[in-house]
Every structure is written in structure tokens, then in C-alpha cells.
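Asks: one predicted model, sequence on top.
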Amino acid sequence: MSDAAVSPAVNEDEAALATPFVKCLVRLIRAQESYCLWEGKSDATLLADFIVARKKRYAIRGMGYPDPDVLWRLDMFYTAVGLAIAERFRPVTSPIVEMQTVRPSGPCFSRSGSSSFCPDVHRFGFETLRQLAEAGTKLVDDATSATEAYRDLARA
């Protein structure tokens, strides 16, 4: 394979890994690991579970209780969003509400285990590191701009 064919994807991944949101996500993942097994692994390797190819996503059944790994990824992603939002405001604050693990009787699942309003939670992931970075950054930017609007109203 030529360098020209590999270069755009590699540059795209490097740019995604350099975004503040992805850096926050990587720090959070590394903080979760207490046995130093991930110490020598690259950031891209740690984020590999967040990348779910389209074919694989369509092959995942959307019935029943989601895999614990999916719930962990979901929790890490949205916790990183919260931390990235908090980092934009000084001093950094701690979250008031911790995201609870989704249970079969929780908000996304009926008692029978079928999904109600979160049908794609089983398929949580992104096709590329760039999409992961864009999704997280967009959530952080939207929340920050909304908070700034209310901060301006509070000062008036």
C-alpha cells in the first residue's frame, strides 16, 4: 500500500487524538486502570473499543440487556464530556450527578428487556476516531455555549 493511501487516515487520527475532548477521554480511561496493564499502550489502542465499523454495528443485536463493555464505553464517553465541560470553566468542579448504569428496568429498557427510547445503545460506537472526537467536541461546545448564555443572563 502506498504512503499516499495511508497518510490521510493517519493524519486524521492524529488530529482527532490531539483534540481536548479525546485527550480528556484518554486521561479518564487511563485513570480507571489500576494494574498498569495499559501503561505502554498508545492512546489509539485504548480508544479502539470506541470504533465500531458499520458492518459490525449492523450485526449487533439490539435486543436484551446491553453488553457491560458497551455500558462502560457509554459511561466513559459521557463522563469525559462532563469533565471536558468542567475543564472549560475555572475552577474545575466535580459532577453533581453520576451517570447510573442502565438497568433492564431503567430509562432505556422496559421490564421485558426490550428497548424503549434507546434502541441503539447496544451499538454505541463511532466509525473513526475523527467521528468520536467530533461527537464529543460538539456536545462539549453545545453545553458550553448554553452555559455561557445563561451566565450572561445571570450577570445582567
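Replies: Okay, I see it. Everything quoted here is computed from the prediction, not taken from an experiment.
Asks: in contact with the closest residue to Thr19 other than its chain neighbours, which residues?
Replies: In space, not counting the residues next to it along the chain, Thr19 is nearest to Ala133; the distance is 4.4 Å by C-beta to C-beta, 6 or more residues apart in numbering. C-betas here are computed from N, CA, C, even on glycine. The neighbours of Ala133, taking C-beta atoms under 8 Å, 6 or more residues apart in numbering as the test, are Ala15, Ala16, Leu17, Thr19, Phe21, Val22.
Asks: next one: Asp69
Replies: The neighbourhood of Asp69, defined by C-beta under 8 Å, 6+ apart, consists of Asp49.
Asks: just to revisit the earlier point, so the residue nearest to Thr19 sits in a strand?
Replies: No - under DSSP: H, G, I helix; E, B strand; the rest coil, Ala133 falls outside any strand and is assigned helix.
Asks: how much space between it and Leu37?
Replies: Ala133 sits at a distance of 25 Å from Leu37 (criterion: C-beta to C-beta, to the nearest Å).
Asks: for the residue positioned nearest the centre of the chain, give its distance to Leu37.
Replies: If you average the C-alpha coordinates of the chain and look for the closest C-alpha using C-alpha atoms, centre = their mean, you land on Phe77, 2.3 Å from that point. Distance, Phe77 to Leu37, by C-beta to C-beta: 21 Å.
Asks: again with Leu28
Replies: Using C-beta to C-beta, Leu28 is found at 16 Å from Leu37.
Asks: so between those two, which is more surrounded?
Replies: The neighbour comparison of Leu28 against Leu37 (other C-beta atoms under 10 Å) goes to Leu28, with 17 against 8.
Asks: just to revisit the earlier point, any chance of the contacts of Ala133 in a markdown table, plus secondary structure?
Replies: Compiled in a markdown table, the contacts of Ala133 are given as follows (three-state DSSP):
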| residue | secondary structure |
| --- | --- |
| Ala15 | helix |
| Ala16 | helix |
| Leu17 | helix |
| Thr19 | coil |
| Phe21 | helix |
| Val22 | helix |
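Asks: show me which of the residues you listed are buried.
Replies: Applying 16 or more other C-beta atoms under 10 Å to those, the neighbour count classes Ala16, Leu17, Thr19, Phe21, Val22 as buried.
Asks: could you identify the most distant pair in those residues?
Replies: Leu17 and Phe21 (10.5 Å; C-beta to C-beta).
Asks: same list (the buried ones among the contacts of Ala133) but as CSV, adding distance to Trp72 and pLDDT.
Replies: Formatted as CSV, the entries for those read as follows, by distance: C-beta to C-beta, whole Å; pLDDT from 0 to 100:
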residue, distance to Trp72, pLDDT
Ala16, 21, 95
Leu17, 20, 95
Thr19, 21, 95
Phe21, 18, 96
Val22, 17, 97
